[in-house]
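1. Here's my sequence, what's the structure:
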Amino acid sequence: MSETLLEIKNLTIEFRTDEGTVQAVKKLDLTIPKGKTVGLVGESGSGKSVTSLAIMGLIPNPPGRIAEGEILYHGEDLSKVSQERLRELRGNKIAMIFQEPMTSLNPVFTTGNQIDEVLMLHQGLNKTQARKRTIELFEEVGIPTPEESVEKYPHQMSGGQKQRVMIAMAMACEPELLICDEPTTALDVTIQKQVLELMFDLQKKHGMSMLFITHDLAVIADIADEVAVMFRGDLVEQNTTKALFENPKHPYTKGLLACRPSLTENPTRLLTVEDFLAAEDDIDVSSLEMKKPRAVNEQDNPILLEVKNFQKHFPIKGGIFGRTVDWFKAVDNVNLQVRKGRTLGLVGESGCGKTTLGRSILRLIEPTAGEVVYDGINVTDLGKNQMRKMRERMQIIFQDPYSSLNPRMTIGDIVTEPMVIHGIGGSKADRYKYAGELLEKVGLKGDHLNRYPHEFSGGQRQRICIARALSLKPEFIICDESVSALDVSVQAQVLNLLQDLQDELGLTYIFISHDLSVVKYISDEIGVMNKGQIVEYGPAEEIYKNPKDPYTKKLLSAIPLGVPKELSKQ
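-> Alright, predicted model coming up:
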């Protein structure tokens with residue numbers, strides 16, 4: 001038996017709201033052994049992040065408080081100690097890596113200075129000693145040219161590099177316990193794989209314990225010794241990683257394991273957590289009907305969109321007069337075709353040019369060169385008024401449902417605004433009636449029209465964005481990372497919805513994502529983008545089974561298998 005480092009007993013955390021007291025965590029019992037990694041899994045609102053904040057003494061009071069229970073670290077109850085004692089422990093003995101590195105790093109200080117501060121505060125080092133140690137830490141976490149990188153500000157580093165800075169900061173004092181709160185959720189699959197391998201190596205090297213929080217069981221399979229599953233504040237299942245993946249007991253765990261798209265199997269509909277919670281008997285996942293590649297019918301599926309020799313270059317300014325010294329080729333000579341009623345998936349890492357391409361097709365960004373021909377019309381030649389009219393037929397669903405909905409507008413106004421702009425619908429009452437029908441179509445209630453965006457979850461907001469895109473009855477929609485910010489079960493619901501809408505309305509999609517398993521599931525054809533160019537293009541199944549470009553092979557190899565290492569070797 002491993003010696004216990006931290007033990008949570010009967011922990012209950014409450015928050016006061018306008019509607020009354022809400023229990024975010026209910027009578028939680030959890031043990032973290034020395035030198036082991038415990039995965040804490042659950043969707044948004046399950047209580048996992050609140051648990052981590054309670055360990056760190058960061059629950060905002062008011063409105064939150066620890067109502068009962070103990071958090072025992074070496075026998076010392078962290079829920080009862082003073083703030084001075086917590087400051088001694090935080091960053092020194094217990095460290096935390098937060099989900100979003102950009103908001104966790106101070107933008108006005110260099111990354112090196114921010115780690116120097118931790119070392120001087122907790123280790124008593126002087127400025128010279130701290131800087132030397134910071135450079136060593138940058139080297140240990142794999143940041144290139146550490147002597148130069150310590151002088152960089154957060155905005156000068158990529159997402160993966162910023163997350164490595166956060167890891168270096170957390171590791172600075174060689175903590176006994178490292179809490180990782182969704183540290184790879186916002187990263188590309190290749191960067192995610194590098195970060196997971198780095199954290200695994202650091203944990204073994206330093207013999208520390210880890211509490212790894214995520215909503216994705218596929219990630220947990222690669223790194224955790226034990227897994228605890230939370231659902232609506234309750235701990236519903238806990239076991240070794242191998243045992244939990246081989247024989248999950250709780251319907252919620254089964255749902256989390258089944259709802260993520262697989263690279264090997266493509267069911268006609270993705271299962272969701274709700275399917276498992278509502279089922280009276282076990283669902284036989286192996287008996288699901290699988291998708292078959294859809295044959296192309298030239299009459300029913302003519303080429304709707306054609307992109308020819310397309311370019312979008314951004315000027316790089318330099319010198320004291322800000323002259324253009326070079327050009328950044330975000331999209332460089334791209335050619336592609338999309339057939340009516342089909343889905344083209346665009347996949348690639350952040351910065352590859354896929355979002356710029358999508359927005360340039362709609363002329364939300366003006367292209368540098370090339371043509372976009374939609375249903376025989378050269379979109380790049382259209383004037384402003386003509387392009388506005390064309391957008392009735394061509395719409396986009398943006399990545400972040402939080403920032404793409406105006407918080408001051410009701411859902412009814414948000415969904416009907418495009419209709420008002422384009423002069424569609426007779427009266428306000430007619431438009432609101434249609435908006436209610438659209439909400440029903442995307443799985444919401446028609447009487448939600450008078451609510452505001454903050455009253456909805458992330459998955460519900462994305463459904464509202466889909467309803468808004470449908471309000472003009474478009475034929476073609478660009479989905480720009482429209483499921484990447486969602487929990488895996490909500491992601492499955494939205495993917496099912498997009499497929500249903502395509503079947504019902506005959507929609508044509510370009511589906512943009514960095515996740516090849518999601519793109520493979522929903523797409524008929526796939527274009528793989530790298531450094532502004534499409535490096536591989538073809539049927540989805542063919543791209544997966546027989547990738548030709550080294551970059552495509554790299555993307556595929558980085559996707560978590562969702563199987564513990566012990567099982568993958570069997």
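
2. Now for K548, how many residues are close by?
-> By other CB atoms under 10 Å, 13 other residues sit near K548. C-beta here means a position set from N, CA and C on the backbone, and glycine is covered the same way.

3. OK, contacts around the nearest residue to it once chain neighbours are set aside?
-> Nearest-residue entry for K548: E536, 6.0 Å, with adjacent residues in sequence omitted and distances by CB to CB, 6 or more residues apart in numbering. For E536, the contacting residues are 526-528, 543, 547-549, 551-552, taking CB atoms under 8 Å, 6 or more residues apart in numbering as the criterion.

4. and if we set it to 10 Å?
-> Contacts were defined as CB atoms under 10 Å, 6 or more residues apart in numbering; by that measure E536 touches 347, 526-530, 542-543, 547-553, 555.

5. Out of those residues, which comes closest to D487?
-> Within those, the smallest distance to D487 is 20.7 Å, found for V347 (CB to CB).

6. host element of the residue nearest to the closest one when sequence neighbours are not counted?
-> Leaving aside its chain neighbours, V347 sits nearest to V519 (4.6 Å; criterion: CB to CB, 6+ apart). Per DSSP states H and E, V519 falls inside helix 516-522.

7. Helix or strand next in line after that helix, which one?
-> Remark: after helix 516-522, the chain's next helix or strand is strand 525-530, criterion DSSP H and E.

8. what sits against the closest residue to V165 other than its chain neighbours?
-> Using CB to CB, 6+ apart and skipping residues adjacent in sequence, the residue nearest V165 is T111, 4.7 Å away. Under the criterion of CB under 10 Å, 6+ apart, the neighbours of T111 are 105, 134, 138, 143, 149-154, 156-157, 161-162, 164-166, 168-169.

9. What ranges does the stretch 101-250 of the chain have for its strands?
-> If you assign secondary structure with DSSP state E, counting those that start in this stretch, the strands in the stretch 101-250 of the chain sit at 177-181, 209-214, 226-231, 234-240.

10. need these in CSV with mean pLDDT, distance to H454 and mean neighbour count, can you?
-> Written out in CSV, the entries for the strands of the stretch 101-250 of the chain read as follows (pLDDT from 0 to 100; distance: least, CB to CB, whole Å; neighbours: other CB atoms under 10 Å):
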stretch, mean pLDDT, distance to H454, mean neighbour count
strand 177-181, 92, 22, 24
strand 209-214, 93, 24, 25
strand 226-231, 94, 24, 25
strand 234-240, 95, 26, 18
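
11. just so I know, which of these lies nearest A369?
-> Nearest to A369 among those is strand 209-214; the distance by CB to CB comes to 42.5 Å.

12. Same list (the strands of the stretch 101-250 of the chain) but as JSON lines, adding distance to Q460.
-> Listed next are the strands of the stretch 101-250 of the chain as JSON lines, based on distance: least, CB to CB, whole Å:
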{"stretch": "strand 177-181", "distance to Q460": "23"}
{"stretch": "strand 209-214", "distance to Q460": "22"}
{"stretch": "strand 226-231", "distance to Q460": "19"}
{"stretch": "strand 234-240", "distance to Q460": "23"}
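
13. Of all the ones you listed, which one is nearest K291?
-> Ranking the strands of the stretch 101-250 of the chain by distance to K291, with CB to CB as the measure, places strand 209-214 first at 27.5 Å.

14. rewinding a little: name the nearest of the contacts of E536 relative to T31.
-> Within the contacts of E536, distances to T31 taken as CB to CB reach their minimum at L555, with 37.3 Å.

15. That closest one: helix or strand, and which one exactly?
-> Of the helices and strands defined by DSSP H and E, L555 is found in helix 550-558.

16. picking up where we left off before, give me the phi and psi for the residue nearest to K548.
-> Comment: the main-chain dihedrals of E536 come out as phi -150, psi 140, following degrees, to the nearest 10.

17. how much space between it and T264?
-> Distance check for E536 against T264: by CB to CB, to the nearest Å, it reads 20 Å.

18. What of S523?
-> According to CB to CB, S523 and T264 sit 16 Å apart.

19. before we move on, which element is N297 in?
-> Taking DSSP H and E as the definition, one finds N297 inside no helix or strand.

20. Neighbours of it, how many?
-> Neighbours of N297 under the rule other CB under 10 Å: 11.

21. what about the residue nearest to R65 when sequence neighbours are not counted, which SS state?
-> Among residues not flanking R65 along the chain, E14 sits closest, at 5.8 Å (CB to CB, 6+ apart). Three states are possible here, and by DSSP: H, G, I helix; E, B strand; the rest coil the one that applies to E14 is strand.

22. buried stuff in stretch 144-154?
-> Buried residues in stretch 144-154, counted by 16 or more other CB atoms under 10 Å: 146, 149-150, 152, 154.

23. Give me the residues contacting that stretch.
-> Contacting residues not belonging to stretch 144-154 are listed as 101-116, 131, 134-140, 143, 156-157, 161-162, 164-166, 168 [CB under 10 Å, 6+ apart].

24. on that earlier part again, which strand residues bridge the residue nearest to K548?
-> V528 (DSSP bridges).

25. measure it to Q194 for me?
-> Between E536 and Q194 the computed distance is 22 Å (CB to CB).

26. where does this structure have low pLDDT?
-> With pLDDT under 70 as the threshold, the chain has low-confidence stretches at 1-2, 102, 186, 485, 561-563, 565-570.

27. and the nearest residue to S52 once chain neighbours are set aside, what does it touch?
-> Distances taken as CB to CB, 6+ apart place I179 nearest to S52, at 4.9 Å, with adjacent residues excluded. Listed by CB under 10 Å, 6+ apart, the contact partners of I179 are 6, 32, 40, 49, 51-53, 55-56, 94-98, 170, 209-213.

28. redo that, cut-off 8 Å
-> By CB under 8 Å, 6+ apart, the contact set of I179 is 52, 55-56, 94-97, 210-211, 213.

29. Tell me which of these fall in helices.
-> Secondary-structure check on those using DSSP state H: residues within helices are 52, 55-56.

30. Pipe those residues into a markdown table and attach distance to G426 and neighbour count per row.
-> As requested, those are arranged in a markdown table below (distance: CB to CB, whole Å; neighbours: other CB atoms under 10 Å):
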| residue | distance to G426 | neighbour count |
| --- | --- | --- |
| S52 | 53 | 19 |
| I55 | 58 | 24 |
| M56 | 56 | 19 |
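
31. of the residues you listed, closest to Q395?
-> Within these, the smallest distance to Q395 is 38.8 Å, found for S52 (CB to CB).

32. returning to that earlier point: let me have the contacts of I179 in JSON lines, extended by distance to S44.
-> Output for the contacts of I179, formatted as JSON lines (distance: CB to CB, whole Å):
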{"residue": "S52", "distance to S44": "14"}
{"residue": "I55", "distance to S44": "19"}
{"residue": "M56", "distance to S44": "19"}
{"residue": "I94", "distance to S44": "24"}
{"residue": "A95", "distance to S44": "24"}
{"residue": "M96", "distance to S44": "18"}
{"residue": "I97", "distance to S44": "18"}
{"residue": "M210", "distance to S44": "21"}
{"residue": "L211", "distance to S44": "18"}
{"residue": "I213", "distance to S44": "12"}
